[in-house]
Structure formats: structure tokens, C-alpha cells
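Visitor: coordinates only, sequence not included:
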RNA sequence: GUCCCGUUCGUCUAGUGGUUUAGGACACCGCCCUUUCACGGCGGCAACACGGGUUCAAAUCCCGUACGGGACGCCA
């Protein structure tokens, strides 16, 4: 007997890991780590039709990318024996009953109820089937699907996010637990695994709230202890409507491809919708330390990509060269060194901007020269190599004395000639990175 | 359609009937720093969805409306 916190994240491998899903995953994980608990990654792949291994791989990649890990991993596909065993037990308890309606018939029933302005809840017709009727269906070769018989009693729990939640059993349809082909469905597998793996807390999206009502009765039916539940609101888009995939690249894989730092994603997702300020974090351990599930609100937070990029910029501005070295290499900037990185770091918004400054230093650059004589004059005054950190000052001082230019009149033409741009990193540092050859070439540049 | 949830500055939120000229963070704007941009420092702007009610007193309690979300699958 121990009180160790045990939590799982249970995605179904039926699509790419979406930012909304990643948020739930991350919060679940942070809660576990903040409580020194055990984290289980459970692949809910009972839907053989839609589950794909490539998605399972993408999920693991995505989670790993944002810094998550897991103490254990399981796959529902591999646990069919256990489910079948529990199914038999449930049948013996009389909590499972066979139904012979076809999907079309059920659909018709729902539509009919809806048109009478009634909630489309299953009418339990199969419950009153006689043994003869069932035998007749079986004789005709009809295979039943099986529903869990809910008790029509109040269901209540204290949700860690939503507070006290109440349901009436009669407001819910008896959930189908077994398909016509005999395979178990989500509700069954999920509850069994939650029991078998000793989950103490179930943290998931609020799309599961009414499922929880059913699940609580299933936990009871199995004689298991009921875990603590927490249902997080789903994210909405900037405008406050449903987060849709149309709105652009919102899968973890896409965000990664965009060159975002995973800590930007973590920083935003760990704080969005909570009363703690959204701030850039350099490492996930600090996020764990400050994590508090009770600070999350019931309201639907808006997800704004711009906010993610802002955080990304701030995080980038604090990364040391060793931390970005590999990622720069991935961008083809394997020749960039620490000195270069330090010079351009304050001027980049995204890591990919580094490529632009590399180009500015190494060329090709189209210099902007409005006064050719001035540029040539400046070139004549260039100090002899080797250059060092004082060279810029020496040079501009000489140019100033010689030409009488000062301030913006002095510096802007030099910047434009050297970089072809009117903004950028400190020229003193840039000068060294561009190098004598390029500097001379650019100062002598003439169009055509 | 039915049930459930939500709605406080642009955004995330604090606030559980009087302590509130509604607080913070980010964004935005301004100033300073900087012989560019960025970084940094300082300051400013800015909100209780709407309508009723309860109360001496309401962002806070109740009812309704609007808007948004969720659920109502032999998906998870």
C-alpha cells in the first residue's frame, strides 16, 4: 500500500499530435512530476480501423520533443486477453446486456428523438428482449453488441478543475462496450486499464466529462477505487471558436519544423489558462517546480500562435551557443561559431533568422550605396588587418575626421553598404564577421 | 433539440457581498538607454457580455438573454 500518484496520458493514434492534445499531455505530465508520481503512456488503439503506427510514432516523437518522458508504456491492442476476462466477469454480474439494433436503426432512433426535441438517449429496448427473441436473433445469425447497464442514480465527483460535478444516470445512454464483432470499445478498455495500472488521477480534456459519469459506475461495478478526476477545458482559436486544423500548422511536428524551440511550446501550454503568468522558461524542470493544477480555470483559453512566437523569441535570446549549436547545424549553419551567435542573437526572432545574418556576413549581399565617393573614401581609411574589437571604432573615427560626417550620416551609409540593410546587429561585431575581403568588395560595389 | 460548462483590460487571469479609484503578467503606446534595429530600464493606456431581481451594499448571489465551448457514436 502506497500513496504514489499514478497518472496516464492515453492518446489514440488516429492522427497527428495536435497542440490542444499536447497541452493536455503536458499538464498531465507536469502534474505527475510535480507530485513525484509515475507516468504511463497508454496507446488507446482499440479502433483498429483508424489507428496507425505512424501516428503512434509521431505521438512519441512529439512528446519527447517537448521534453516529456514516461515511466511505462502500454498498448491496448496487446491486452485483449485481459479485457475478455473482465467482459465475462461483467456479464456474470448482469451489467452487460446484448443489443441487436443495427447502426442504421440506432441512427433512426436518435433522429426520431431529436425531431421530437428529446435528447437522443438509448431507449434500452434491448433490455426487455425475451430469451426467445434473443435466440431468434442468434438463429438468424445476428451478432449482438453489448451495452453497460447504468444505474439510474445520481453520479457525483469533485473535479480538480471543474469543482463538484453532478450527473443523473438517466441522462446518459448505456454505453456500448463491445462491438458486434466482439471487440471491446474505449470505455471498457480505458476503465480496466485505469484499474489494472492503479491510476490515482485521471486528467483529460473536458470532452470526456460525460464519459466520466459512465466510467465512475464502471469502476464501481468492478469494485475498484474511483480515481480523482480533472477535466481541462479545450483550447479555442484566437477568435474564440473551435480550434480547427485549417487554421494552419498546429501539429507538434509542424511547430517543430517551423523552427520553434520546444520550451516555447512548454512555456505557453503550461501556463495558458492558469492564473500564473505566461513567461519564457529555459528548462522544463523550472516549469515542474512552479506547477499547480488548482490554478487552471474552467474557461476556454484562446490559443494564439503569435504568443508562441513571442515566447520563442525571448527564449532564443537567452540560449547559449552550446544549446543551439546542433540546431544551427540542422539549418545548414554548421560553420557558425559562438562569437557569431552572440553577435546576432539579440536580432533574431526565430532561429531560422540566423540563416539571414549568416548570408549578410558571408554574402551574397547587394550593398546600398547612395554616395559612392563616401564609400570609397571609407574604404581607403580601413585599418590594416588583423582586425579586432577596436577596429570599428578606429575606422569610424578616421572616417569621421576625414569626411566630417557624424551620427546617422556617418553610420547608416556604412551599415547599408556593408549589409544591404538599414538595421541589424552591432556593426563593430559584424565587421569582424564579414571579414576584410567582403568589406572591401562591398564598399567598392557599383550597380549594373 | 436536450443537458452541462464558460463569459473581468487586446490576451492569460486575481477577485467567493463592503478592505477595489477592480490587482498582476504579456501585448500595445510613450520616455530613457543606444550614433541603426533589437536587447534593457522607467512610465502610461486599457476590462466586470447584456437585461432584470435580491440587498443598506453586487464583478461577486438569483433569474433571463446573447455569444462561445462540450456532450448526446458499434470514435477516443
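Guide: Okay, I see it. This is a predicted model, so every value here is computed, not measured.
Visitor: Chain A - how does it break down into domains?
Guide: Domain assignment for chain A by automatic domain parsing gives A:6-81+A:184-235, A:363-443.
Visitor: Do any residues in the shortest one lie close to RNA strand B?
Guide: Yes - with C-beta under 7 Å from any atom of the strand as the threshold, domain A:363-443 lies in contact with RNA strand B, specifically through A:396, A:400, A:406-408, A:410-412, A:415, A:422-427. C-beta here means a position set from N, CA and C on the backbone, and glycine is covered the same way.
Visitor: How about the contacts made by residue A:336?
Guide: A:328, A:354, A:358 (C-beta atoms under 8 Å, 6 or more residues apart in numbering).
Visitor: Run through the helices of the stretch 51-200 of chain A in chain order.
Guide: Taking DSSP state H, counting those that start in this stretch as the criterion, the stretch 51-200 of chain A carries its helices at A:53-65, A:80-92, A:103-115, A:131-139, A:186-196.
Visitor: Pick the most buried one from these.
Guide: Each of the helices of the stretch 51-200 of chain A was scored by mean neighbour count; the highest is helix A:186-196, a mean of 21, by mean count of other C-beta atoms under 10 Å.
Visitor: ok, now how distant is residue A:134 from RNA strand B?
Guide: Plainly put, residue A:134 is 14 Å away from RNA strand B if you go by C-beta to the nearest atom of the strand, to the nearest Å.
Visitor: hang on, isn't that residue packed against residue A:99?
Guide: No - here residue A:134 does not reach residue A:99: they are 10.1 Å apart, not a contact under C-beta atoms under 8 Å.
Visitor: residues shared between the contacts of those two?
Guide: Counting by C-beta under 8 Å, 6+ apart, the contacts common to residue A:134 and residue A:99 are residue A:144.
Visitor: Quote the end-to-end distance of stretch A:182-200.
Guide: End-to-end distance for stretch A:182-200: 30 Å, by C-alpha to C-alpha, to the nearest Å.
Visitor: next structured bit after the helix or strand hosting residue A:359?
Guide: In the assignment (DSSP states H and E), residue A:359 maps to helix A:353-362. Moving toward the C-terminus from helix A:353-362, the next helix or strand (DSSP H and E) is helix A:372-380.
Visitor: what sits against residue A:201?
Guide: Residue A:201 is in contact with A:5-7, A:31, A:37, A:160, A:227-230, counting by C-beta under 8 Å, 6+ apart.
Visitor: Distance to residue A:74, neighbour count and pLDDT added to these, as CSV?
Guide: Below are those laid out as CSV (distance: C-beta to C-beta, whole Å; neighbours: other C-beta atoms under 10 Å; pLDDT from 0 to 100):
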residue, distance to residue A:74, neighbour count, pLDDT
A:5, 18, 18, 97
A:6, 12, 20, 98
A:7, 14, 23, 98
A:31, 19, 22, 98
A:37, 16, 18, 97
A:160, 24, 18, 96
A:227, 17, 21, 97
A:228, 21, 15, 97
A:229, 20, 21, 97
A:230, 21, 23, 97
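Visitor: and the helix holding residue A:359, how far out from the chain's middle?
Guide: Averaging C-alpha positions (C-alpha atoms, centre = their mean, to the nearest Å) puts helix A:353-362 30 Å from its chain's average.
Visitor: What is that helix packed up against?
Guide: When contacts are defined as 3 or more C-beta pairs under 8 Å, 6 or more residues apart in numbering; DSSP states H and E, helix A:353-362 sits against helix A:338-344, helix A:427-443.
Visitor: returning to that earlier point: highest average neighbour count across the domains of chain A: which stretch is it?
Guide: Greatest average neighbour count among the domains of chain A goes to domain A:6-81+A:184-235 (a mean of 19), per mean count of other C-beta under 10 Å.
Visitor: Next, the distance between the ends of that one.
Guide: The first and final residues of domain A:6-81+A:184-235 sit 25 Å from each other (C-alpha to C-alpha).
Visitor: now that domain, how far from the chain's geometric center?
Guide: Centroid separation for domain A:6-81+A:184-235 versus its chain: 15 Å, with C-alpha atoms, centre = their mean.
Visitor: How about it and RNA strand B, any contact?
Guide: Yes - judged by C-beta under 7 Å from any atom of the strand, domain A:6-81+A:184-235 comes into contact with RNA strand B at A:10-12, A:14, A:44, A:46-47, A:50, A:185-187, A:190, A:206-211, A:233-234.
Visitor: on that earlier part again, residue A:384 is nearest to which of the helices and strands packed on helix A:353-362?
Guide: When the helices and strands packed on helix A:353-362 are compared by C-beta to C-beta, helix A:427-443 sits nearest residue A:384, at 9.3 Å.
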